[in-house]
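Novice: Sequence and predicted structure are below.
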Amino acid sequence: MTLVATLDTSFDLLDGETLLEGLERTGHEVEYQCRSGYCGSCRTRLISGEVRYLSEPLAFISRNEVLPCCCVPVNTVHLDVAQAYEPEQLALSEDLEPQNSLDFTKA
């Protein structure tokens with residue numbers, strides 16, 4: 001897992017996740033179209049750190065930009081992107097009643 005810092009939060013990228021998938025999971029809205037480095041819609045400014053591309057992007061990117069749809073961080077990265085919303089945290093409610101039986105034959 002690699003640390004990803006944004007303008008207002010930070011999170012660990014999960015194994016097998018692209019940078020875009022991690023940003024989406026944590027409530028960041030990043031524009032995208034192709035998810036494979038062709039269109040450049042997800043172009044994001046890289047403040048610090050280094051990424052590795054899973055496939056060579058065809059879209060133009062400047063020196064301080066990345067295409068999060070097709071890259072993963074090599075080390076801790078800091079991106080110029082903000083959270084659009086707080087991701088929902090699933091929690092058990094104390095009001096839940098345990099189910100006593102799974103017998104579906106009773107009417």
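Specialist: That came in fine, so what should we check first?

Novice: going forward, measure contacts between C-alpha atoms and count neighbours the same way
Specialist: OK.

Novice: which sections of the chain are below the confidence cut-off?
Specialist: Counting by pLDDT under 70, the chain contains low-confidence ranges at 89-107.

Novice: hmm, try it at 50
Specialist: Counting by pLDDT under 50, the chain shows low-confidence ranges at 94, 96.

Novice: Tell me where this structure has strands.
Specialist: Listed from the start of the chain, the chain has strands (DSSP state E) covering 2-5, 10-13, 44-48, 51-53, 65-66, 71-73, 77-79.

Novice: Format those as JSON lines; extra columns: mean neighbour count and distance to Glu88.
Specialist: Written out in JSON lines, the entries for the strands of the chain read as follows (neighbours: other CA atoms under 10 Å; distance: least, CA to CA, whole Å):
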{"stretch": "strand 2-5", "mean neighbour count": "18", "distance to Glu88": "19"}
{"stretch": "strand 10-13", "mean neighbour count": "16", "distance to Glu88": "15"}
{"stretch": "strand 44-48", "mean neighbour count": "18", "distance to Glu88": "24"}
{"stretch": "strand 51-53", "mean neighbour count": "16", "distance to Glu88": "28"}
{"stretch": "strand 65-66", "mean neighbour count": "21", "distance to Glu88": "27"}
{"stretch": "strand 71-73", "mean neighbour count": "22", "distance to Glu88": "24"}
{"stretch": "strand 77-79", "mean neighbour count": "20", "distance to Glu88": "22"}
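
Novice: Please render these as JSON lines that adds distance to His28 to the earlier fields.
Specialist: Written out in JSON lines, the entries for the strands of the chain read as follows (distance: least, CA to CA, whole Å):
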{"stretch": "strand 2-5", "distance to His28": "12"}
{"stretch": "strand 10-13", "distance to His28": "11"}
{"stretch": "strand 44-48", "distance to His28": "12"}
{"stretch": "strand 51-53", "distance to His28": "18"}
{"stretch": "strand 65-66", "distance to His28": "15"}
{"stretch": "strand 71-73", "distance to His28": "16"}
{"stretch": "strand 77-79", "distance to His28": "11"}
